[in-house]
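> How does the following fold in three dimensions:
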Amino acid sequence: MSNSNALAPGDVILIYCRFISTPKPKYALCVCPQRPLFFFINSVPRISKPDAQLQVSPRDLPFLQHESFVNTGEVVTFGKMDLSKAQWLGHLPDPKKRELAALVSSCPYLTAGQIKIVLDSFS
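Below you'll find the predicted structure:
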């Protein structure tokens with residue numbers, strides 16, 4: 001990808017994450033391409049935030065190998081260099097975007113500002 005402006009809310013990328021405990025490529029769902037803000041997609045739900053997980057399946061995102069979970073309890077960002085090397089994989093379907101917005105609207109882990117950004121992006 002040449003820049004984050006090519007991204008739209010709901011796009012999913014595969015991006016190398018140097019800042020996690022075991023650096024590796026991860027799926028990330030674009031929340032706001034301008035900032036740029038993302039939610040990670042994990043193969044298992046985050047135990048510490050069980051009420052902030054949106055379940056997605058290969059029916060929703062065909063590149064997935066199994067049921068997975070969008071962690072809406074934490075927003076992450078990436079630098080331009082990492083984004084330039086990311087691979088675009090697909091787009092979250094509209095029904096799942098609505099589920100995500102509903103889940104985030106009452107998320108106790110995000111700030112009011114983060115919730116507003118997500119709701120503005122997905123409404």
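
> chain center to stretch 18-33, what's the gap?
Here stretch 18-33 is found 8 Å from its chain centre; the criterion is CA atoms, centre = their mean, to the nearest Å.

> lowest confidence element among the helices and strands of the chain?
Every helix and strand of the chain was ranked by mean pLDDT, DSSP states H and E. The lowest is helix 80-85, at a mean of 92.

> got the buried residues for that helix?
82-83 (16 or more other CB atoms under 10 Å). (C-beta placed from N, C-alpha, C; glycine too.)

> So which elements touch it?
With contacts defined as 3 or more CB pairs under 8 Å, 6 or more residues apart in numbering; DSSP states H and E, helix 80-85 has these neighbours: strand 11-17.

> list the buried ones in the strand it packs on?
11-13, 15, 17.

> do stretch 106-123 as well
Buried-residue list, stretch 106-123, by 16+ other CB under 10 Å: 107, 109-110, 114-115, 117-118, 121-122.

> List just the nearest of the residues you listed to Pro95.
Pro95 has its nearest neighbour among these in Phe122, at 11.6 Å by CB to CB.

> wait, doesn't that closest one sit right on Ala102?
No. The pair Phe122 / Ala102 is not scored as a contact, 9.5 Å apart, by CB atoms under 8 Å.

> Could you list the alpha-carbon positions for stretch 23-31 in CSV?
Taking C-alpha atoms only, stretch 23-31 is exported to CSV below (Å, rounded to 0.1, in the frame of the first residue of the first chain):
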residue,chain,number,x,y,z
PRO,A,23,6.6,-9.4,16.6
LYS,A,24,4.7,-10.8,13.7
PRO,A,25,2.2,-10.0,10.9
LYS,A,26,-1.3,-9.3,12.2
TYR,A,27,-4.7,-8.6,10.8
ALA,A,28,-5.8,-5.0,11.5
LEU,A,29,-9.2,-3.5,10.8
CYS,A,30,-9.1,0.2,9.8
VAL,A,31,-11.1,2.5,12.0
